[in-house]
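> could you look at this predicted model? Sequence included:
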Amino acid sequence: MKIFHRISEKATPEILETLASFGIVIVPDPLNLFRFEVDESDERWPAIQQWMAAQGFTDSVRTTFSESEISSAKWLTLDPQWHYGYPQPKEDEFGYLTATYDLGDYCEQCGIGNVQKASFQMRGEPKWGRRGMLQLNWVFEEFFATPDVWARIFKPFGVACRPVCNTQGQELQTVVQLVVSEQVHVSTHRLEGYRCELCGLIKYRPFTKGGFPALTTTPTSPMVRTYESFGSGARAWRATIISQEIRTALKEAGVRGVDFTPVEEFRAIDAT
Ligand SMILES: [Zn+2]
(Lines give C-alpha, C1' and ligand atoms only; values in the text may rest on other atoms or scores of the structure.)
Protein backbone atom coordinates (compact mmCIF):
# COMPACT_ATOMS: atom_id res chain seq x y z
CA MET A 1 0.00 0.00 0.00
CA LYS A 2 1.30 3.41 -0.91
CA ILE A 3 -0.25 6.62 0.37
CA PHE A 4 0.40 9.60 -1.88
CA HIS A 5 0.04 13.22 -0.87
CA ARG A 6 -0.52 15.72 -3.64
CA ILE A 7 0.25 19.35 -3.00
CA SER A 8 -0.88 22.14 -5.35
CA GLU A 9 0.26 25.67 -4.51
CA LYS A 10 1.38 28.93 -5.98
CA ALA A 11 5.13 29.03 -6.53
CA THR A 12 7.18 31.61 -4.67
CA PRO A 13 11.00 31.78 -4.69
CA GLU A 14 10.99 30.75 -1.01
CA ILE A 15 8.80 27.74 -1.62
CA LEU A 16 10.87 26.61 -4.61
CA GLU A 17 14.03 27.00 -2.57
CA THR A 18 12.66 24.96 0.30
CA LEU A 19 11.50 22.23 -2.03
CA ALA A 20 14.90 22.21 -3.73
CA SER A 21 16.48 21.70 -0.31
CA PHE A 22 14.31 18.56 -0.02
CA GLY A 23 15.64 17.48 -3.40
CA ILE A 24 12.39 18.29 -5.22
CA VAL A 25 12.94 20.38 -8.31
CA ILE A 26 9.78 22.11 -9.47
CA VAL A 27 9.07 23.83 -12.75
CA PRO A 28 5.98 26.00 -12.19
CA ASP A 29 3.36 26.18 -14.95
CA PRO A 30 2.65 29.44 -16.87
CA LEU A 31 0.23 30.52 -14.11
CA ASN A 32 3.06 30.05 -11.61
CA LEU A 33 1.32 27.12 -9.98
CA PHE A 34 3.00 23.86 -9.19
CA ARG A 35 1.96 20.42 -8.14
CA PHE A 36 3.87 17.47 -6.83
CA GLU A 37 3.17 14.17 -5.20
CA VAL A 38 5.13 12.37 -2.53
CA ASP A 39 4.39 9.03 -0.94
CA GLU A 40 4.64 8.38 2.77
CA SER A 41 7.40 5.80 2.41
CA ASP A 42 9.66 8.49 0.91
CA GLU A 43 12.38 9.32 3.44
CA ARG A 44 11.78 13.04 2.80
CA TRP A 45 8.10 12.78 3.72
CA PRO A 46 8.37 13.57 7.50
CA ALA A 47 10.26 16.80 6.76
CA ILE A 48 7.92 17.77 3.94
CA GLN A 49 4.90 17.02 6.12
CA GLN A 50 6.25 19.25 8.88
CA TRP A 51 7.01 22.05 6.43
CA MET A 52 3.54 21.82 4.88
CA ALA A 53 1.88 22.00 8.29
CA ALA A 54 3.96 25.07 9.17
CA GLN A 55 2.96 26.72 5.90
CA GLY A 56 -0.69 25.82 6.38
CA PHE A 57 -0.76 23.91 3.07
CA THR A 58 -3.40 21.27 2.54
CA ASP A 59 -3.00 18.21 0.39
CA SER A 60 -5.13 15.61 -1.28
CA VAL A 61 -4.48 11.98 -0.57
CA ARG A 62 -4.77 8.87 -2.67
CA THR A 63 -3.81 5.27 -1.94
CA THR A 64 -2.63 2.55 -4.27
CA PHE A 65 -2.62 -1.15 -3.45
CA SER A 66 -0.49 -4.01 -4.67
CA GLU A 67 -2.08 -6.91 -6.54
CA SER A 68 -1.43 -9.19 -3.55
CA GLU A 69 -3.11 -6.73 -1.14
CA ILE A 70 -6.13 -6.66 -3.43
CA SER A 71 -6.25 -10.42 -4.00
CA SER A 72 -5.87 -11.25 -0.30
CA ALA A 73 -8.63 -8.90 0.93
CA LYS A 74 -11.77 -10.67 2.09
CA TRP A 75 -13.97 -7.71 1.16
CA LEU A 76 -13.40 -4.84 -1.27
CA THR A 77 -15.19 -1.70 -2.25
CA LEU A 78 -16.38 -1.65 -5.84
CA ASP A 79 -15.14 1.56 -7.44
CA PRO A 80 -16.02 2.99 -10.86
CA GLN A 81 -13.28 3.32 -13.50
CA TRP A 82 -15.52 5.62 -15.49
CA HIS A 83 -18.86 7.40 -15.46
CA TYR A 84 -21.17 7.20 -18.45
CA GLY A 85 -23.85 9.81 -19.11
CA TYR A 86 -26.40 11.24 -16.74
CA PRO A 87 -29.56 9.82 -15.20
CA GLN A 88 -32.64 11.03 -17.08
CA PRO A 89 -34.75 13.08 -17.33
CA LYS A 90 -32.14 15.77 -16.94
CA GLU A 91 -33.80 19.15 -17.36
CA ASP A 92 -32.18 19.78 -14.02
CA GLU A 93 -30.89 17.43 -11.36
CA PHE A 94 -34.27 17.24 -9.71
CA GLY A 95 -35.83 15.68 -12.83
CA TYR A 96 -34.16 12.33 -12.34
CA LEU A 97 -34.50 12.42 -8.56
CA THR A 98 -38.30 12.77 -8.74
CA ALA A 99 -38.60 10.17 -11.50
CA THR A 100 -36.40 7.57 -9.81
CA TYR A 101 -36.84 8.01 -6.07
CA ASP A 102 -39.36 8.36 -3.32
CA LEU A 103 -38.18 11.65 -1.84
CA GLY A 104 -40.40 11.60 1.26
CA ASP A 105 -37.41 11.35 3.60
CA TYR A 106 -34.94 13.07 1.27
CA CYS A 107 -32.88 15.98 2.54
CA GLU A 108 -31.96 18.51 -0.15
CA GLN A 109 -29.16 19.89 1.96
CA CYS A 110 -27.08 16.71 2.37
CA GLY A 111 -28.63 14.36 -0.22
CA ILE A 112 -29.45 11.55 2.22
CA GLY A 113 -32.78 9.70 2.36
CA ASN A 114 -33.82 8.96 -1.23
CA VAL A 115 -35.37 5.52 -1.77
CA GLN A 116 -35.49 4.06 -5.27
CA LYS A 117 -39.07 3.62 -6.54
CA ALA A 118 -38.64 3.22 -10.30
CA SER A 119 -36.15 2.10 -12.95
CA PHE A 120 -33.28 4.39 -13.77
CA GLN A 121 -33.60 6.10 -17.14
CA MET A 122 -30.73 6.57 -19.55
CA ARG A 123 -30.72 8.50 -22.81
CA GLY A 124 -30.22 5.28 -24.77
CA GLU A 125 -28.11 2.12 -24.91
CA PRO A 126 -24.74 2.84 -23.28
CA LYS A 127 -21.68 3.05 -25.49
CA TRP A 128 -19.94 0.21 -23.68
CA GLY A 129 -16.85 -0.14 -25.82
CA ARG A 130 -14.96 -3.06 -24.26
CA ARG A 131 -16.34 -2.38 -20.82
CA GLY A 132 -18.89 -4.47 -19.00
CA MET A 133 -19.76 -2.29 -16.02
CA LEU A 134 -20.47 1.40 -15.51
CA GLN A 135 -21.60 4.01 -13.10
CA LEU A 136 -23.71 7.04 -14.04
CA ASN A 137 -22.59 10.54 -13.25
CA TRP A 138 -24.19 11.84 -10.00
CA VAL A 139 -25.29 8.34 -8.89
CA PHE A 140 -22.28 7.04 -7.01
CA GLU A 141 -24.04 4.26 -5.12
CA GLU A 142 -25.38 2.27 -8.05
CA PHE A 143 -23.59 0.04 -10.53
CA PHE A 144 -24.84 -1.04 -13.93
CA ALA A 145 -23.69 -4.00 -16.02
CA THR A 146 -24.37 -5.60 -19.36
CA PRO A 147 -27.00 -8.37 -19.05
CA ASP A 148 -24.24 -10.84 -19.94
CA VAL A 149 -21.94 -9.70 -17.10
CA TRP A 150 -24.87 -9.80 -14.69
CA ALA A 151 -25.86 -13.33 -15.78
CA ARG A 152 -22.32 -14.74 -15.81
CA ILE A 153 -20.81 -13.02 -12.76
CA PHE A 154 -23.41 -11.58 -10.42
CA LYS A 155 -26.44 -13.86 -10.78
CA PRO A 156 -24.56 -16.97 -9.55
CA PHE A 157 -23.80 -15.02 -6.35
CA GLY A 158 -27.47 -14.26 -5.83
CA VAL A 159 -27.26 -10.61 -6.90
CA ALA A 160 -30.52 -9.50 -8.52
CA CYS A 161 -30.92 -7.00 -11.32
CA ARG A 162 -33.60 -4.60 -12.45
CA PRO A 163 -34.25 -3.11 -15.87
CA VAL A 164 -33.08 0.30 -17.03
CA CYS A 165 -35.35 2.31 -19.34
CA ASN A 166 -35.00 5.05 -21.88
CA THR A 167 -36.89 8.31 -21.34
CA GLN A 168 -39.95 6.86 -23.14
CA GLY A 169 -40.13 4.09 -20.56
CA GLN A 170 -38.91 1.33 -22.90
CA GLU A 171 -36.52 -1.21 -21.39
CA LEU A 172 -32.97 -0.95 -22.65
CA GLN A 173 -31.47 -4.19 -23.98
CA THR A 174 -27.77 -3.85 -23.15
CA VAL A 175 -27.82 -2.61 -19.56
CA VAL A 176 -29.26 -3.63 -16.19
CA GLN A 177 -28.92 -2.18 -12.71
CA LEU A 178 -27.39 -4.39 -10.01
CA VAL A 179 -29.67 -4.59 -6.98
CA VAL A 180 -27.98 -4.40 -3.59
CA SER A 181 -30.35 -4.82 -0.67
CA GLU A 182 -28.21 -5.67 2.37
CA GLN A 183 -26.52 -2.91 4.33
CA VAL A 184 -23.58 -3.16 6.74
CA HIS A 185 -21.97 -0.75 9.17
CA VAL A 186 -18.35 0.34 8.86
CA SER A 187 -15.95 1.51 11.53
CA THR A 188 -16.11 5.30 11.64
CA HIS A 189 -13.25 6.19 13.98
CA ARG A 190 -10.90 7.09 11.12
CA LEU A 191 -13.59 8.96 9.19
CA GLU A 192 -14.28 12.66 9.26
CA GLY A 193 -18.00 13.09 9.76
CA TYR A 194 -20.17 16.17 9.80
CA ARG A 195 -23.76 16.67 10.78
CA CYS A 196 -26.27 18.14 8.35
CA GLU A 197 -27.67 21.40 9.69
CA LEU A 198 -31.07 20.68 8.20
CA CYS A 199 -31.82 17.02 8.96
CA GLY A 200 -29.20 16.25 11.61
CA LEU A 201 -27.86 13.14 9.88
CA ILE A 202 -24.12 12.50 9.68
CA LYS A 203 -22.25 12.16 6.42
CA TYR A 204 -18.59 11.25 6.02
CA ARG A 205 -15.93 12.76 3.81
CA PRO A 206 -14.96 10.40 0.98
CA PHE A 207 -12.29 8.04 2.16
CA THR A 208 -8.92 8.19 0.39
CA LYS A 209 -6.22 7.26 2.92
CA GLY A 210 -5.36 3.59 3.38
CA GLY A 211 -7.76 0.67 3.09
CA PHE A 212 -11.50 1.22 3.34
CA PRO A 213 -12.68 1.20 7.00
CA ALA A 214 -13.39 -2.23 8.47
CA LEU A 215 -16.91 -3.64 8.49
CA THR A 216 -18.44 -3.79 11.96
CA THR A 217 -21.30 -6.03 10.88
CA THR A 218 -20.70 -9.27 9.01
CA PRO A 219 -22.36 -9.41 5.60
CA THR A 220 -24.60 -12.40 4.91
CA SER A 221 -24.52 -11.83 1.14
CA PRO A 222 -21.53 -11.26 -1.18
CA MET A 223 -22.56 -7.78 -2.37
CA VAL A 224 -23.68 -5.18 0.16
CA ARG A 225 -23.51 -1.50 0.81
CA THR A 226 -22.79 0.68 3.79
CA TYR A 227 -25.41 2.26 6.03
CA GLU A 228 -22.99 5.17 6.31
CA SER A 229 -23.23 7.86 3.65
CA PHE A 230 -20.25 9.56 2.07
CA GLY A 231 -19.94 12.75 0.09
CA SER A 232 -19.90 16.49 0.29
CA GLY A 233 -22.40 19.25 -0.42
CA ALA A 234 -25.75 17.90 -1.62
CA ARG A 235 -24.21 14.65 -2.86
CA ALA A 236 -24.44 11.51 -0.74
CA TRP A 237 -23.74 7.91 -1.52
CA ARG A 238 -23.25 4.64 0.28
CA ALA A 239 -20.21 2.55 -0.60
CA THR A 240 -20.71 -0.75 -2.44
CA ILE A 241 -18.79 -3.71 -1.05
CA ILE A 242 -18.20 -7.08 -2.70
CA SER A 243 -16.60 -10.34 -1.61
CA GLN A 244 -13.22 -11.50 -2.90
CA GLU A 245 -15.10 -14.27 -4.71
CA ILE A 246 -16.97 -11.73 -6.85
CA ARG A 247 -13.77 -9.72 -7.46
CA THR A 248 -11.99 -12.88 -8.58
CA ALA A 249 -14.87 -13.81 -10.91
CA LEU A 250 -14.82 -10.31 -12.47
CA LYS A 251 -11.06 -10.47 -12.91
CA GLU A 252 -11.05 -13.97 -14.38
CA ALA A 253 -13.76 -12.96 -16.85
CA GLY A 254 -11.76 -9.85 -17.80
CA VAL A 255 -14.66 -7.50 -17.02
CA ARG A 256 -13.67 -3.85 -17.41
CA GLY A 257 -15.10 -0.72 -15.90
CA VAL A 258 -14.54 -1.19 -12.18
CA ASP A 259 -11.71 -1.07 -9.66
CA PHE A 260 -11.36 -2.38 -6.14
CA THR A 261 -10.15 -1.06 -2.80
CA PRO A 262 -9.39 -3.56 -0.01
CA VAL A 263 -11.57 -3.24 3.09
CA GLU A 264 -9.48 -3.41 6.25
CA GLU A 265 -9.79 -6.33 8.63
CA PHE A 266 -11.75 -5.65 11.79
CA ARG A 267 -9.59 -4.88 14.84
CA ALA A 268 -10.55 -4.15 18.46
CA ILE A 269 -10.14 -0.39 17.91
CA ASP A 270 -12.79 -0.50 15.16
CA ALA A 271 -15.41 -1.34 17.77
CA THR A 272 -15.12 2.13 19.31
ZN1 LIG B 1 -29.58 16.61 5.62
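Yep, it's here. Residues are numbered from 1 along each chain as shown.

> the stretch 1-150 of the chain: helices as residue ranges?
Chain-ordered helices for the stretch 1-150 of the chain, with DSSP state H, counting those that start in this stretch as the definition, fall at 13-21, 45-55, 67-72, 93-100, 147-149.

> which stretch among those comes nearest the ion?
Closest to the ion of the helices of the stretch 1-150 of the chain is helix 93-100 (CB to the ion; 14.3 Å). Any C-beta I mention is one placed from the backbone N, CA and C, and that applies to glycine too.

> ranking the helices of the stretch 1-150 of the chain by burial, who's on top?
When the helices of the stretch 1-150 of the chain are scored by mean count of other CB atoms under 10 Å, the highest mean neighbour count falls to helix 147-149 (a mean of 18).

> by contact count, what packs against it?
Helix 147-149 is packed against strand 171-179, with contacts defined by 3 or more CB pairs under 8 Å, 6 or more residues apart in numbering; DSSP states H and E.

> I'd like the average pLDDT over the strand it packs on.
Confidence over strand 171-179 (mean pLDDT, whole number) is 98.

> what about residue 145, distance to the ion?
Shown here: residue 145 relative to the ion, a distance of 31 Å by CB to the ion, to the nearest Å.

> give me every residue that touches that residue.
132, 133, 134, 153, 154, 161, 175, 176, 178 (CB atoms under 8 Å, 6 or more residues apart in numbering).

> out of these, flag the one nearest to residue 249.
Closest approach to residue 249 among the contacts of residue 145 (CB to CB): residue 153, at 5.0 Å.

> and the closest residue to that closest one other than its chain neighbours, its phi and psi?
Computed as CB to CB, 6 or more residues apart in numbering, the closest residue to residue 153 that is not its neighbour in sequence is residue 249, at 5.0 Å. Backbone dihedrals for residue 249, given as degrees, to the nearest 10, come out at phi -60, psi -40.

> burial count for residue 80?
Burial measure for residue 80: 18 neighbouring residues, criterion other CB atoms under 10 Å.

> touching, it and residue 258? I think so.
Yes: in this structure, residue 80 sits in contact with residue 258. The criterion is CB atoms under 8 Å, and the distance is 6.3 Å.

> which residues touch residue 113?
103, 105, 106, 107, 199, 201.

> for PyMOL, what selects the buried ones among these?
Restricted to the buried members of the contacts of residue 113, where burial is judged by 16 or more other CB atoms under 10 Å, the PyMOL selection command reads as follows:
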select buried, resi 106+107+199+201
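
> which of the contacts of residue 113 come close to the ion?
The overlap between these and the neighbourhood of the ion (criterion: CB under 5 Å from the ion) consists of 107, 199.

> so which of the contacts of residue 113 are in strands?
Under the assignment DSSP state E, those contribute nothing to strands.

> neighbours around residue 9, how many?
Counted with other CB under 10 Å, the burial measure for residue 9 works out to 19 neighbours.

> and the nearest residue to it once chain neighbours are set aside, how many neighbours does it have?
Leaving out its chain neighbours, the residue that sits closest to residue 9 by CB to CB, 6+ apart is residue 57, at 5.9 Å. By the criterion of other CB under 10 Å, residue 57 has 15 neighbours.

> ok, now how distant is residue 57 from residue 18?
Using CB to CB, to the nearest Å, we find residue 57 at a distance of 11 Å from residue 18.
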